[in-house]
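Asker: okay, here's the prediction I keep looking at, along with the sequence it came from:
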2 protein chains.
Amino acid sequence: MPNKTAPDSTRRSERSRRAILDAALELVAESGFAKLTIEAIAARAGVGKQTIYRWWPSKAAVLFEACVPDGGDPRAVELPDTGDIEADLKTVLRATVDELNDPRLAAPTRALAAESQSDQDLAAMLTERVLEPQLQAYVRRFEAAQEAGQIAEGIDLRIALELLVGPLFHRWMTRTLPVTHAYAETVADLALRGLRPR
Amino acid sequence: MPNKTAPDSTRRSERSRRAILDAALELVAESGFAKLTIEAIAARAGVGKQTIYRWWPSKAAVLFEACVPDGGDPRAVELPDTGDIEADLKTVLRATVDELNDPRLAAPTRALAAESQSDQDLAAMLTERVLEPQLQAYVRRFEAAQEAGQIAEGIDLRIALELLVGPLFHRWMTRTLPVTHAYAETVADLALRGLRPR
């Protein structure tokens, strides 16, 4: 059965990879990023340390892949377009609120945001593969809304979208007040007041 | 000269305190928060470790005091009021841009923001003593503008101000694009389009 060797090995690798990513997510949720080590991930996942070092350069890289399973495929990011910019933005922002409040995602996302303040490579990877593709999806949805006459001409759309995502991010990072659906909808209402044609 | 003992001791304490805070700022700028230790601060400041432990519970607390010299006096925070909300907001936002881009402040501010993602005590201290007093100063300035007929009635001002500070904070934290005066002014223009009376 010589042909079975490769598939078996691939399946085993995939099982190890998944176990490593799950272990990293669990450990960050339990004890935080500062206490996360490659040793602890290896022990929890039931693999050798070398297996992890062979695939990832750092614990931040492991966590990044655990949070961004497809490595951040820009084509996968598209905002809904029902023809109603207000409804579509509120749909997206409510989903964002749910993600920010998801206890399984909160610890690793905060850890990556924190770590990227001092780790420039991680920051560049997050921006290029995750953040900027999302922001460009907002730009494309705004462009469609502009063509439909729902957003005023002459507005810098790359900045306009930051009036929507900036407040949510700020409130979540600083924990000043709760990030709720009602809050996100008010942010969308206030921003759209300024972005609509007169 | 028995009366001279107390003043001398106070002066010595103040000199040590200042040396410790300066050392913390320098070390964070040089090597980052992760590598900052009480030992290194003590060595750089020329004091004993115990002197630091006597005054501060953690390296984050030292850095917090170094960045917020007056411990965050809420009464000290007031926005300019020339009677022109647009001009005043742009003045404040340009100053915020300058602070965010100040290389001396950048490293410790990013370190505190990062550390507060996992250190809840530090997060609460930052919010209560630094951030929320600043946000309340925006609310008061907006209230005056509302009375002057420059901001529409019925707007949630605590959320409205986040359309100004949120985008700057988001762009700075994520390093997606440069944080410039021109950018801050466009943010103010777009936000005010939505906040002005119709």
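Answerer: Structure's in. What do you need? Numbers count the residues shown, from 1 in each chain, chains lettered A, B, ... in the order given.
Asker: can you pull the contacts of residue A:106?
Answerer: By CB atoms under 8 Å, 6 or more residues apart in numbering or on different chains, residue A:106 lies in contact with residue A:100. In this view, the C-beta of every residue, glycine as well, is placed from N, C-alpha and C.
Asker: just the pLDDT at it, thanks.
Answerer: pLDDT, residue A:106: 83.
Asker: which SS state does it fall under?
Answerer: The three-state label for residue A:106, taken from DSSP: H, G, I helix; E, B strand; the rest coil, comes out as helix.
Asker: kindly report the same for residue A:34.
Answerer: coil.
Asker: tell me how many other residues surround the residue of chain A found nearest chain B.
Answerer: Ranked by CB to the nearest CB, the top residue of chain A for proximity to chain B is residue A:194, at 2.9 Å. By other CB atoms under 10 Å in any protein chain shown, 19 other residues sit near residue A:194.
Asker: can you check residue A:147 too?
Answerer: 9.
Asker: so which residue is dead centre in chain A?
Answerer: Nearest to the mean C-alpha position of chain A, by CA atoms, centre = their mean, lies residue A:130 at 5.8 Å.
Asker: my guess is that one contacts residue A:68. True?
Answerer: Yes: if you go by CB atoms under 8 Å, residue A:130 and residue A:68 touch, sitting 5.7 Å apart.
Asker: quick check: longest helix in chain A by residues?
Answerer: The helix that spans the most residues within chain A, counting by DSSP state H, is helix A:5-31.
Asker: how about that one: buried residues?
Answerer: A:16, A:17, A:19, A:20, A:21, A:23, A:24, A:25, A:26, A:27, A:28 (16 or more other CB atoms under 10 Å in any protein chain shown).
Asker: OK, contacts around residue A:34?
Answerer: residue B:118.
Asker: need phi/psi at it.
Answerer: With angles defined as degrees, to the nearest 10, residue A:34 sits at phi -60, psi -40.
Asker: pull the CA atoms of whichever strand or helix holds residue A:88 into CSV?
Answerer: Assignment of secondary structure by DSSP states H and E places residue A:88 within helix A:85-101. Provided in CSV are the C-alpha atoms of helix A:85-101 (Å, rounded to 0.1, in the frame of the first residue of the first chain):
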residue,chain,number,x,y,z
ILE,A,85,-26.2,51.1,2.6
GLU,A,86,-27.7,51.9,6.1
ALA,A,87,-29.1,48.4,6.5
ASP,A,88,-25.9,46.7,5.2
LEU,A,89,-23.6,48.7,7.4
LYS,A,90,-25.7,48.0,10.5
THR,A,91,-25.7,44.3,9.6
VAL,A,92,-21.9,44.3,9.4
LEU,A,93,-21.3,46.4,12.5
ARG,A,94,-23.7,44.2,14.6
ALA,A,95,-21.7,41.1,13.5
THR,A,96,-18.5,43.0,14.4
VAL,A,97,-19.9,43.7,17.9
ASP,A,98,-20.7,40.0,18.3
GLU,A,99,-17.2,39.0,17.3
LEU,A,100,-15.6,41.6,19.7
ASN,A,101,-17.8,40.2,22.6
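Asker: report whether that helix contacts chain B.
Answerer: No: Helix A:85-101 lies out of reach of chain B by CB under 8 Å from any CB of the partner chain, never closer than 12.5 Å.
Asker: now that helix: mean pLDDT?
Answerer: Computed over helix A:85-101, the average pLDDT equals 96.
Asker: go on, stretch A:52-60?
Answerer: Here the average pLDDT along stretch A:52-60 is 92.
Asker: what sits up against it?
Answerer: Contacts of stretch A:52-60 (CB under 8 Å, 6+ apart): A:17, A:20, A:24, A:33, A:36-38, A:41-42, A:45, A:62, A:65, A:112, A:115, A:119, A:122.
Asker: one more pass at 10 Å, please.
Answerer: With CB atoms under 10 Å, 6 or more residues apart in numbering or on different chains as the test, stretch A:52-60 has contacts from A:13, A:16-17, A:20-21, A:23-24, A:27-28, A:33, A:36-42, A:45, A:48, A:61-65, A:111-112, A:115-116, A:119, A:121-122, A:125-126.
Asker: what's the answer for stretch A:12-23, then?
Answerer: Under CB under 10 Å, 6+ apart, the answer for stretch A:12-23 is A:36, A:38, A:40-48, A:51-52, A:55-56, A:62-63, A:65-67, A:69.
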